[in-house]
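**Student:** What follows is a predicted structure for the sequence shown.
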Amino acid sequence: MVKNAYLYLCLIYSVYCYGQDTLLLGKDSDAVTMTALQNTPCYNKNCKGNSEVNLLKFIKKEINYPESAQQDSIEGTVIVGYIVELDGSTSQHKVLKSVRDDIDKEALRICKLIKYAEPAKQKNKPVRIKLVLPITFSLEPTKY
C-alpha cells in the first residue's frame with residue numbers, strides 16, 4: 001500500500017513539474033512548450049564560445065545597482081521570465097520572484113536589453129520559447 005501511495009505521489013509531482021506554465025505565456029500563446037530543444041537561443045554571434053558566460057558578462061556590465069537599495073543594504077535574486085522571439089529579441093518580460101520594487105525594475109530593464117544572436121530552433125526552424133533568468137544583486141563584487 002505504501003509503495004502505491006509513493007508511486008501516486010511521484011506521478012502527481014511529475015505532472016506538476018512538467019505542466020505548461022500559462023502565467024507568462026498566456027492561454028492563447030503560440031510559444032513552443034517542450035522538454036528538449038535542438039538548439040537553445042544563442043547570445044553570441046555565430047554561436048561561438050560560451051554563450052552563457054558572455055550573457056553574464058553583459059548583465060554585469062549593464063547593471064546599475066539602485067542607490068536606494070545599496071543604502072538599505074538590500075541584496076537578493078530577482079527571477080525574470082521572458083519569451084525569446086523568432087528574431088532573437090525578447091518580449092513579455094515578467095518578474096516571477098521579486099526582491100524590492102527598485103531592484104525588480106532594474107532587472108526588468110536589463111532583460112529588455114538582451115538580444116539573442118540566434119533564436120531557439122526545433123527541427124532547424126526558429127521557435128519562440130520561454131526562458132527564466134535569475135539576476136543576483138549583491139553588494140559583494142562577483143567574479144564571472
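**Tutor:** The structure has been received and is ready for your questions.
**Student:** Show me where this structure has its helices.
**Tutor:** Secondary structure of the chain (DSSP state H): helices at 2-18, 22-25, 51-62, 67-71, 101-113.
**Student:** what about this structure, any weak spots by pLDDT?
**Tutor:** The chain contains residues with pLDDT under 70 at 1-38, 46, 48-49, 142-144.
**Student:** In contact with Y65: list those residues for me.
**Tutor:** Applying CB atoms under 8 Å, 6 or more residues apart in numbering to Y65 gives the contacts E106, F137, L139. Placement of C-beta: from N, CA and C, glycine included.
**Student:** give me that answer again for 7 Å
**Tutor:** Listed by CB atoms under 7 Å, 6 or more residues apart in numbering, the contact set of Y65 reads F137.
**Student:** Wait, P66 touches E106, no?
**Tutor:** Yes - counting by CB atoms under 7 Å, P66 does reach E106; the two are 5.7 Å apart.
**Student:** Tell me how many other residues crowd D101.
**Tutor:** For D101, the count of nearby residues is 12 (other CB atoms under 10 Å).
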